[in-house]
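> for reference, the sequence and a predicted model appear below.
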Amino acid sequence: MTQLPTSTDKKLGLVIDLDTCVGCHACVISCKGWNTENYGAPLADVDAYGANPVGSFLNRVHSYEVQPESGPSQLVHFPKSCLHCEDAPCVPVCPTGASYKRSEDGIVLVNEDACIGCGLCAWACPYGAREMDPTAGVMKKCTLCVDRIYNENLPEEDRIPSCVRTCPSGARHFGDFADPNSNVSKLVAERGGMDLMPEMGTKPVNKYLPPRIKDTLNTAGTCGELETVSEDATGFLGWLDKALEKL
């Protein structure tokens, strides 16, 4: 079994802004593509368009309708992947040491060559952030694109996780939480970044920025209150009005 490091030099992770995430799944597709074509064994995608599709994803987006204390209900999109916990419960339960947390940057990884597919790490993870690859027979999880962020062959702007690079709404941010002056540390301080399920005591590195309550529903101009089109309408509306009168 693998022991967790007592401390890490960096705490690399993500900040996800639930206020600006639009649920487009671009991060999911980008993650699937990058990790299938590059890092480790390809992510399974069997019978994708058939009756019984089977596959593995390292990042998923869940959508929930929530009702604030006041105002209308709103839709919140909730992306979830490995949170690279400081006290990661998936690491010490691994019987082969395949799951481990790096002391240099805090990233939690799986050595696929040592993984026997027992599933204990998935059982220990309270977030459901690990998936058994049905083809490779080993456990897969978010790597924070470790093969991108240190790759000096890539342009500097691309040395971030694929999901962050792809997000069209700027809802995903990457950086070092050990640095109080980093972009992610400032976002958490300014917006009240939250841990997912803090009661579990895992101390996740990834943080979420809470969604802000949207404006109250404006009922003016609803179907029952539409103004009548002018009787002297011209152009397209005038032609449409005359055409409908003949029906």
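The structure has been received and is ready for your questions.
> just say helix, strand or coil for the residue nearest in space to the middle of the chain.
Here the mean C-alpha position of the chain is nearest to the C-alpha of Pro79 (C-alpha atoms, centre = their mean), at a distance of 3.1 Å. The three-state label for Pro79, taken from DSSP: H, G, I helix; E, B strand; the rest coil, comes out as strand.
> same question for Arg165.
Note that with three-state DSSP, the state of Arg165 is helix.
> start the count at 13 instead of 1 going forward.
Got it, first residue is 13 now, which makes that one Arg177.
> burial of the closest residue to it other than its chain neighbours, as a residue count?
Using C-beta to C-beta, 6 or more residues apart in numbering and skipping the chain neighbours, the partner closest in space to Arg177 is Asp170 (6.2 Å). C-beta coordinates here come from the backbone N, C-alpha and C atoms, glycine included. For Asp170, the neighbour count with other C-beta atoms under 10 Å is 13.
> send me stretch 44-63 as PDB with only the CA atoms.
Coordinates of each C-alpha in stretch 44-63 appear next as PDB, following Å, rounded to 0.1, in the frame of the first residue of the first chain:
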ATOM      1  CA  LYS A  44     -12.200  12.200 -23.400                       C
ATOM      2  CA  GLY A  45     -10.300  13.100 -26.600                       C
ATOM      3  CA  TRP A  46      -7.000  14.100 -25.000                       C
ATOM      4  CA  ASN A  47      -6.800  11.100 -22.600                       C
ATOM      5  CA  THR A  48      -7.800   8.700 -25.400                       C
ATOM      6  CA  GLU A  49      -5.300   9.900 -27.900                       C
ATOM      7  CA  ASN A  50      -2.400  10.700 -25.500                       C
ATOM      8  CA  TYR A  51      -2.000   9.700 -21.800                       C
ATOM      9  CA  GLY A  52      -2.000   6.000 -20.800                       C
ATOM     10  CA  ALA A  53      -4.300   3.400 -22.400                       C
ATOM     11  CA  PRO A  54      -7.200   4.800 -24.500                       C
ATOM     12  CA  LEU A  55     -10.500   5.400 -22.600                       C
ATOM     13  CA  ALA A  56     -13.000   2.700 -23.500                       C
ATOM     14  CA  ASP A  57     -15.900   3.600 -25.800                       C
ATOM     15  CA  VAL A  58     -17.700   0.400 -26.800                       C
ATOM     16  CA  ASP A  59     -20.800   0.400 -28.800                       C
ATOM     17  CA  ALA A  60     -21.200   4.100 -28.400                       C
ATOM     18  CA  TYR A  61     -24.200   4.400 -30.700                       C
ATOM     19  CA  GLY A  62     -25.700   1.000 -30.000                       C
ATOM     20  CA  ALA A  63     -28.300  -0.300 -27.500                       C
END
